[in-house]
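Novice: need a structure here:
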Amino acid sequence: MTMSNFHLFTSFPEDIRRLVFEIAFDQGYPRSNYLSIVSREIYEWIQPLVYRCVVLQTLNHNDERRFLRFISMFRSAPREKAFYTNSIKVIFIDDFTFHDFARHFLPLCKYLVSLSCWPNTRSLSTPSSRKASEDALTSMLKSDVFPYLRKLSIPIPQIGQSLAFDIFNNTLSQNLTHLDLLLGSDLSWEGLMNMPCLQYLSVQPLMDTWLSSSYTEGGMQLGLLVDRIIPFLPSSLRCFLIWLPTTVIFAAAHDDTRRKLQNQDPIFASLVHGWLDSRIILASFTNVKPEFDPGIPDYFMAEAKDFVDQTILLVNGEFDPRLIWDNPAGQGGDQLFWSIERTLHKRHQATIRARHSIWHSTNGLPLDTRAAPLHTLLPNFSLFNQFPEDIRRLVFETAFEASQMNANQLALVSQETLSWVEPLIYRRIALRHASSSQRFMSFMNTISHGRNDKSVYASLIQSLSVDADALEHLGFGFLSLCRNVLSFSGSWEKLGSHLQWDQVLWSVLNGEILPQTQMLSLQDVIIPDIFTYPICQSLTHLDISLDNSASFEGVKTLSRLKHIRVDATKGLPVREGPVEASQDVREFIQSAVLNFPITLESFVFCVDSTFALAAAIMDCELRVLRGGPTIFDDIVRGGIDYRVVLSCKTSPLSNWSDQRVSQRQIDEIYDFLNQMVPYCPSLLPWDTGDSCVGDPGIEFDWLDTVKAIIRQRKNVSHSLATDVRRLIFEMAFEASQRKAKELALVSKEVNSWIEPLLYWCIKIDTLVNSQPLRALVRTFRTGSKPRDFYAAHVKIVLINDYVFEDFAAEFLPLCRNLISLSSRPNYVSRAEGMQIMRSLLQPGTFPHLRRLSLMLGQEDPPELLDIFNHPLSQNLTHLDIDLNFALNWTALKQLQHLRFFSLQPVLTMWISSDHHRGGAELRALIQDIIPHLPMRLGCFVIWITEHMMRMAAYNDAIDTLANIPPVFKDIIRGLLDKRVVMAAYHKQDAPWSRALPEYDLVQDFLSHTIVVKAPKFNRRLIWDGEGTEVFWAELRRVMRQRSTEAEEGMF
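Specialist: Model (predicted):
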């Protein structure tokens, strides 16, 4: 047969004929080689196609003969170098030293795109052959040898001992888009972040020891490997393939299904479903697809098949794992990439369905944590300054509201903004003394050392949140100066314990102070007949706590009330079943609805999260599984009244796992819970749209969510005019400029405002990174700032290195207005540090010091060991001590201003198998201290190790089940002293298995303690560091829990 027989084909132009042939070649390779005999023309076409992928291997005798034949052809009748350069794009080679061929041949393949080098056993059989193979590989894998290489498949054992080649930190790796690793040794994965073009990563762990009997151990090993890799995956990566033997995948499917049906946590679920990282896909290739035992139940079979369907299983027997990225289309190459895209698409769709819920983990976050487009600002603001003053001020105020939480990077336009910024800064003030926030201390310093007339500041405040401690600093007469307050929030956890603070409550309710108040939030207190007080007549927003004895009759008369939020989680009786609990909720809401004023727009009712989840699951089962009517729609979906919206203080999904329900059920549960809103815990709940002094950030705007739900129920269609839509768009654009690097371009004037905030907290710390400290020392030594600058602005100091460039001894005496000091000298500088501290801790050195954290040892100066009698301690409100010996606690009682005491003893001698002895020693230490605690002390925190905390919880649970008195019960529940709280600091989550009989008792134990997670929380800055808000929140939770349990008589 010749080409002359193909009349239609030969009538096509040559480029079309060649394209058709190349497509046929790809689809039929290697069977398409016979096409080359058709004509001489096709013979010329097929040569570059045949040479496009070259496989050079020595696996067996036949492969070795083909390799030798290729070498002979190359050396005896060499083609022009340009032929190899232009034609060869893919190479597989398993021996770089075979007849010294690779060293001469591979450099000719300049346009090589994909290289796969898997070693045979012979090339690794001896140290000399391994060394020769490594040297050859190292000399080849360079960007100047293969400048166009994009795909690389390489075994770690071959380069594991090589010091001359780093697979990640290599110029060749910068352009790789596909990387396949046969993982036979451990590897440092940090360099993955240096591969900006990487899109596909494939890892093939050696699984020789992974048998069905070692399923749990294998899953844990694979989990540890993935945990080491995930933090370093580049953002460009689309897919992370993990290749496992097919027998392992089917064994994992069987055992994971068995564990789920036994209510145990599956081992492989987070990897198979992409919950750990949606880019992770398990894959396998096999000649024959295994089958499940036909004798297993249908529901078991369905679950197991669903597991396998979440993986990529290539059943094509011709798929060549050596050419993982470059299999021809006829050999499964397209099948792999289509499978990857299909799996990623399914996960993306499931994620979209879940993320439509406001309860999803990525929603309800502070606005500054959400992704927002970045826009470049021009450094020249000549056009801006041509705007009228009112326009410039409007732009400035918008930028301020969007960026106040990043105030240390905020830059304003010109000097005229000085008169604009003060009303904005003081407009919303949230002061809670226990939070010890930087903004709180800044405001207190301004009030104390600023203008003599406090009414100047008070008149600017429109929204105010305070507690008893903060008001003690301000003076109780301060509230009478706040003539323009429209929104007020306060907390009265223990009504009757503070007479002056209680008087503030009654004065507010009777309109004697803050008469202009329109928005009121009374937290943690139930006031009988709250609606009858005079203040309620002027309110538009009301946030209160009520119990089931509350009467809503007075609500009818509140003609201005628009929004009301009620927390009845403590006041309503707790029923066991969701149906019974719904009856109480329904009756409470109905009694309120009957008395709604005509002006009311929303009624938010806070319910228990356990009830919410149980109701959602029950409605889902009734709707999906039984096809019957639901019983909670009238409560949750506004059936009683469209203005009623339910809320929860904690997410109903926090302890719920969706691993045992179908995707349809998950969607139904999310849809149900989307009719509820998170309970905003803000200090200013009616002003969550803006940040404020004392409030750390912009919070989830829950009231907007409430209004959106109500609008949806009313089915109101809002058709906005073009000019209104454009205005909304422009406001959104302005809000997106709150990022620090953009705002810093506005004006140089900001330097005088930023620096005091940057120098507020100074770390003389070389433990992690000494570069910031070196920069500070350089600035200090150049003298660019006057010495009194540090005295005025440095308020918090952490020091662990007293000898670094002799900086500490020179710098610390200048910080005369220091409020908080944490001294934790490292081993090298401990002796010098103690001498410096000895000279510094004098009565006149730090007159304003209120918070102190010290690490003490027996060899320290005597006056430091007698810290309780030290003159400097007399004014302390917070004291933290880390020590490894027993102190004389007698003098502790004379520290009358001390409110918080923290002790971090060295407890290594207690980590033993004798649980009861360790508990007895800890109790003896606490009992030695308790008689000497000051009367005004609010809390005594004693820190133990994470290991001790876990062992104490577990052993106490074992003792309880064995009817043995628990060792730590009286400590953790405050029975020794209600002020004693146990705390621990942990670096990684190590969840307890729900299958343990002791699980509930362990969780109850831990709920009465504080366990603060790293890395944000820093025990060296226990009172002031980043993450301390979590510590303070946990402390308040434990103290509230004790108060509640004491009132209920649980003990």
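Novice: do me a favour and average the pLDDT over stretch 72-89.
Specialist: What stretch 72-89 shows for mean pLDDT is 79.
Novice: what residues does that stretch touch?
Specialist: Stretch 72-89 has contacts (CB atoms under 8 Å, 6 or more residues apart in numbering) with 47-48, 51-54, 101, 105, 108-114. Every C-beta, even on glycine, is put in place using the N, C-alpha and C of the backbone.
Novice: try stretch 845-860
Specialist: Contacts for stretch 845-860 (CB under 8 Å, 6+ apart): 436, 813, 815-825, 830, 834, 840, 864-865, 867, 872-873, 875-885, 887, 902, 1020-1024.
Novice: circling back to that earlier point, among the contacts of stretch 72-89, name the buried ones.
Specialist: Neighbour-count burial (16 or more other CB atoms under 10 Å) applied to those gives Tyr51, Arg52, Cys53, Val54, Phe101, Phe105, Leu108, Cys109, Lys110, Leu112, Val113, Ser114.
Novice: a markdown table for the residues you listed, including distance to Ala304?
Specialist: Below are these laid out as a markdown table (distance: CB to CB, whole Å):
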| residue | distance to Ala304 |
| --- | --- |
| Tyr51 | 45 |
| Arg52 | 41 |
| Cys53 | 37 |
| Val54 | 42 |
| Phe101 | 48 |
| Phe105 | 48 |
| Leu108 | 51 |
| Cys109 | 46 |
| Lys110 | 50 |
| Leu112 | 43 |
| Val113 | 40 |
| Ser114 | 36 |
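Novice: narrow the residues you listed to those in helices?
Specialist: Phe105 (DSSP state H).
Novice: what is the end-to-end distance of stretch 256-273?
Specialist: With CA to CA, to the nearest Å as the measure, stretch 256-273 spans 12 Å from end to end.
Novice: what residues does it touch?
Specialist: With CB under 8 Å, 6+ apart as the test, stretch 256-273 has contacts from 215-216, 219-220, 222-223, 226, 242, 252, 255, 275-276, 280, 282, 300, 303-304, 307, 310-311, 347, 657, 659-660, 993-995.
Novice: and the buried ones among the contacts of stretch 72-89 as TSV, adding pLDDT and distance to Val1011?
Specialist: Listed next are these as TSV, based on pLDDT from 0 to 100; distance: CB to CB, whole Å:
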residue	pLDDT	distance to Val1011
Tyr51	78	64
Arg52	81	59
Cys53	82	57
Val54	84	59
Phe101	83	62
Phe105	85	61
Leu108	85	63
Cys109	87	58
Lys110	85	59
Leu112	88	54
Val113	88	52
Ser114	89	50
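Novice: pick out the most distant pair among the buried ones among the contacts of stretch 72-89.
Specialist: Maximum pairwise distance among these (CB to CB): 20.7 Å, between Phe101 and Val113.
Novice: Leu876: neighbour count?
Specialist: Using other CB atoms under 10 Å, Leu876 has 20 neighbouring residues.
Novice: ok, it - contacts?
Specialist: Listed by CB under 8 Å, 6+ apart, the contact set of Leu876 reads Leu849, Arg850, Arg851, Leu852, Leu895, His897, Leu898.
Novice: the same query, at a cut-off of 6 Å, please.
Specialist: Contact analysis of Leu876 by CB atoms under 6 Å, 6 or more residues apart in numbering lists Leu852, Leu898.
Novice: from Val604, how far out is it?
Specialist: Leu876 is 42 Å from Val604, where distance means CB to CB, to the nearest Å.
Novice: now the host helix or strand of Ser480: mean pLDDT?
Specialist: Assigned by DSSP states H and E, Ser480 belongs to helix 478-481. Averaging pLDDT along helix 478-481 yields 81.
Novice: can you name the next helix or strand after it?
Specialist: Tracing the chain past helix 478-481, the next element assigned as helix or strand by DSSP H and E is strand 487-491.
Novice: which residues are in contact with that next one?
Specialist: If you take CB under 6 Å, 6+ apart as the criterion, strand 487-491 is touched by 463-465, 467, 514, 517, 519-521, 523-524, 684, 686-687.
Novice: what number of residues are in the vicinity of Thr569?
Specialist: Using other CB under 10 Å: Thr569 sits among 18 other residues.
Novice: what about the helix or strand hosting it, average pLDDT?
Specialist: Secondary structure assignment for Thr569, by DSSP H and E: strand 563-571. The average of the pLDDT scores along strand 563-571 is 85.
Novice: rewinding a little: out of the contacts of stretch 845-860, which are inside helices?
Specialist: Judged by DSSP H, the contacts of stretch 845-860 include Arg830, Met834, Leu840, Leu864, Leu865 as members of helices.
Novice: how many neighbours does the fourth one have?
Specialist: By that I understand Leu864. When neighbours are defined as other CB under 10 Å, Leu864 has 16 of them.
Novice: cool, the third one as well?
Specialist: For Leu840, the neighbour count with other CB under 10 Å is 18.
Novice: dump the contacts of strand 487-491 to TSV, plus distance to Ser551 and pLDDT.
Specialist: Output for these, formatted as TSV (distance: CB to CB, whole Å; pLDDT from 0 to 100):
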residue	distance to Ser551	pLDDT
Ser463	30	86
Leu464	29	86
Ser465	28	85
Asp467	29	81
Leu514	25	88
Thr517	23	91
Met519	23	92
Leu520	19	92
Ser521	21	90
Gln523	21	84
Asp524	21	83
Leu684	28	73
Trp686	24	74
Asp687	29	70
